[in-house]
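# Any chance you could fold what I've pasted below:
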Amino acid sequence: QEQLVESGGGLRQAGGSLRVSCAASGRTFSNYAMGWFRQAPGKEREFVGSIGRFGSSTYYEDSVKGRFTISRDNDKNIVYLQMNSLKPEDTAVYYCAASTHYPALHSYYYDYWGQGTQVTVSS
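A predicted model of the protein is given here:
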């Protein structure tokens, strides 16, 4: 069983950068593809991107492609979401999640979820 804890959220100005992390406590981290989702106030949770079990494959939602990068370190049981060229519409709570499927664009593919970290981008 995986427990996921996000960290690194905060406030940035538009055009800035931020990296959020997700630490897993289980012993089977490399068995899972990892995804990032976000939920803005009043909106449904949406897929941001995902990374395969060994980090060689990534998939991104169109609105973040070229700006966001997902990476993982299986030795440290951590997955990262590097966000560049931030826009006010990126403001949301960001969640990491673990799945045995990839690229797993929908939340129902995911077995474990973190509690989320707030990212706010000011204009």
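# Which residue ranges of this protein form strands?
Using DSSP state E, the strands of the chain run over 4-7, 10-13, 18-24, 33-39, 46-51, 58-60, 68-73, 78-83, 92-99, 110-113, 117-122.
# who's in contact with Phe68?
Val48, Gly49, Tyr60, Leu81, Gln82, Met83, Asn84 (Cβ atoms under 8 Å, 6 or more residues apart in numbering). Where you see a C-beta, it was placed from the backbone N, CA and C, and this is true even at glycine.
# Double-check the fourth one against Val20; I have them as touching.
Think Leu81. Yes. With contact defined as Cβ atoms under 8 Å, Leu81 counts as touching Val20 (4.9 Å).
# so what sits against both of the two?
Residues touching both Leu81 and Val20 (Cβ under 8 Å, 6+ apart) are Tyr94.
# Just want to know which of the two has more residues nearby.
Set side by side, Leu81 and Val20 show more neighbours around Leu81, with 26 against 23, by other Cβ atoms under 10 Å.
# quick one: that one from Gly42, how far?
Per Cβ to Cβ, to the nearest Å, Leu81 is found 22 Å from Gly42.
# buried stuff in stretch 25-32?
For stretch 25-32, a neighbour-count test (16 or more other Cβ atoms under 10 Å) marks Phe29, Tyr32 as buried.
# how about the nearest residue to Gly116, chain neighbours excluded?
Nearest non-adjacent residue to Gly116, counting by Cβ to Cβ, 6 or more residues apart in numbering: Val93, 4.2 Å away.
# again, but for Gly9
Take Gly9 and drop its neighbours on the chain: the residue closest to it by Cβ to Cβ, 6+ apart is Thr117, 3.4 Å away.
# what do you get for Glu2?
Leaving aside its chain neighbours, Glu2 sits nearest to Gly26 (3.8 Å; criterion: Cβ to Cβ, 6+ apart).
# wait, the one you found sits on Val5?
No. Using Cβ under 8 Å, Gly26 is not in contact with Val5; the gap is 11.6 Å.
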